[in-house]
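Student: attaching a predicted model along with its sequence, questions to come.
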There are 2 protein chains.
Amino acid sequence: MISELKESYGGLFEDALLAEINQVGTFKEVSAGQKLMDIGEYIRSMPLLVSGAIKILREDEDGDELLLYFLERGETCAMTLTCCMGHTKSEIRAIAETDAKLVMIPIQKMEEWTSKYKSWRNFVFQSYHDRLEEMLKTVDSIAFLKMDERLLKYLQEKVHIVGDSTLKITHQEIAYELHTSRVVISRLLKKLEKLGKIKLHRNSIEVISVD
Amino acid sequence: MISELKESYGGLFEDALLAEINQVGTFKEVSAGQKLMDIGEYIRSMPLLVSGAIKILREDEDGDELLLYFLERGETCAMTLTCCMGHTKSEIRAIAETDAKLVMIPIQKMEEWTSKYKSWRNFVFQSYHDRLEEMLKTVDSIAFLKMDERLLKYLQEKVHIVGDSTLKITHQEIAYELHTSRVVISRLLKKLEKLGKIKLHRNSIEVISVD
DNA sequence: TAAGCTAGGTAACTTTTGTTACAAATTAAT
DNA sequence: ATTAATTTGTAACAAAAGTTACCTAGCTTA
């Protein structure tokens, strides 16, 4: 475990903190598609992402989903941070986008480390900042872009996250994450294909242009 | 100044911190409509809102605006927090929604207080949390609601913020903040009036139902 | 091989939102 | 008082997005 921790967080945390994390943290491996946290659940530990990617989703009363953003290596869920502190329920759903490795930190340690380690404080602040930035990007997309632009952006981000320009995904799954209907997605994907930006196959989409 | 500080932040901060704030902070009064911060500007001090309300706006490349949320008494701009720390530019625009009073804190003090005062740390964390929650609400509105629902919600929130059920506002101004066109707003306002939710007058809107 | 399932394509239609244009009412300015 | 500017109302149309329905291609599996 030490090696992977050091790889992802070595530059961020001082050795004493790394050692503590190593001692009190629990290593966890999840496979793609696995649910890590759901709306309304209480949070008992804080995840440090060591490898892979996690997607963070929001849901409305009708159960319709919307992708908010992805977490990558070296990041944590900012929602967790305050949910822990305030002992409130989760406002979001977290699902492993790829196979992923995490270190789970018991929440009691969080406050302790906040006074004890400057690097921890900075990490927490940085996480909040990053998450707010991601939320701004999300707002920009849904407020200012039309669905075809959002779709292309979504595909390009997915390519970045999974590290493969061919995405194994169905139109229905995309529709869920962008909160629209399958027919709309099929229509716009066809349009993007005609523009030469992607190539469509059964169960997969090849993203050509990433610019 | 002490009295207003104590009123808004007395329950939050320990006396020693209040005293420091009082010493190093500069009192600032702004009137409704005044711009406090713009996109791309560097942030040199952090505002603690003592009275009034501030609206936080986002802008796209075309200069189109979108209202993100309001700050009220006892709150601060979470964006500022990290912009200070990372010495990055502001991502948002802040405009006084009502006449407002602020205490401006030099950013050097921020980090100092973060190690020194637990209540300051908690305040900063709480601010981040509140801002993330606001952003979630914003995303919910623009992603899951139709324009007429967003409009009604907007009007009701405005009533809360200004503390008056009659809003002095034009259709055009609403259109800017919701990022749509004046014609759309006029149309939907007429519909809401027919439903008995509001009453329309020139330069003002009376909000009837707040449920 | 036949039946059944899933994924995707597409037509036809509706609703929602955005755009253009113009008129009427009110207020402000000269 | 006349002119000009602002605000609102509304019609007519266009574009974007959502819905329903049905078809076909390719797997799966009985």
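Tutor: Cool, the structure landed. Numbers count the residues shown, from 1 in each chain, chains lettered A, B, ... in the order given.
Student: and stretch A:89-99, how far apart are its ends?
Tutor: Taking C-alpha to C-alpha, to the nearest Å, stretch A:89-99 runs 25 Å from one end to the other.
Student: may I see the buried residues of that stretch?
Tutor: A:Ser90, A:Glu91, A:Ile92, A:Arg93, A:Ala94, A:Ile95, A:Ala96, A:Glu97, A:Thr98 (16 or more other C-beta atoms under 10 Å in any protein chain shown). Heads up, the C-betas are built off the backbone N, CA and C, glycines and all.
Student: the helices in chain A, which residues?
Tutor: A:2-9, A:15-24, A:78-86, A:107-116, A:118-144, A:147-162, A:171-178, A:182-194 (DSSP state H).
Student: what's the least confident stretch among these?
Tutor: Mean pLDDT is lowest for helix A:78-86 among the helices of chain A, at a mean of 72.
Student: A:Asp140 against B:Asp62, yeah?
Tutor: No. With contact defined as C-beta atoms under 8 Å, A:Asp140 does not count as touching B:Asp62 (11.9 Å).
Student: give me the more crowded residue out of the two.
Tutor: Neighbour comparison, A:Asp140 and B:Asp62: the larger count goes to A:Asp140, with 18 against 6 (by other C-beta atoms under 10 Å in any protein chain shown).
Student: roughly how far apart are A:Ala100 and A:Ile92?
Tutor: 16 Å (C-beta to C-beta, to the nearest Å).
Student: oh, that last question was meant for A:Glu133, not what I typed.
Tutor: 16 Å.
Student: beta-bridge partners for the residue nearest the centre of chain A, please?
Tutor: Geometric centre of chain A, nearest residue: A:Phe70, 2.5 Å, by C-alpha atoms, centre = their mean. A:Phe70 has these beta-bridge partners by DSSP bridges: A:Lys55.
Student: contacting residues for it?
Tutor: Residues near A:Phe70 by C-beta atoms under 8 Å, 6 or more residues apart in numbering or on different chains: A:Ala53, A:Ile54, A:Lys55, A:Ile56, A:Glu97, A:Glu157, A:Ile161.
Student: would you mind naming what in chain A lies close to chain B?
Tutor: For chain A, the residues in contact with chain B (C-beta under 8 Å from any C-beta of the partner chain) are A:58, A:60, A:64, A:66, A:68, A:78-79, A:81-82, A:85-86, A:91-92, A:114-115, A:118, A:121-122, A:124-126, A:128-129, A:131-133, A:135-136, A:138-140, A:142-144, A:179.
Student: please pick the buried ones from those residues.
Tutor: A:58, A:66, A:68, A:78-79, A:81-82, A:85, A:91-92, A:114, A:121, A:124-126, A:128-129, A:131-132, A:135-136, A:138-140, A:142-144, A:179.
Student: who's in contact with A:Ser8?
Tutor: Counted by C-beta under 8 Å, 6+ apart, A:Ser8 has contacts A:Leu48, A:Leu49, A:Val50, A:Ser51, A:Arg73, A:Gly74.
Student: A:Ile92 too?
Tutor: Contacts of A:Ile92 (C-beta under 8 Å, 6+ apart): A:Met37, A:Ile39, A:Ile56, A:Leu57, A:Arg58, A:Leu68, A:Cys77, A:Met79, B:Leu136.
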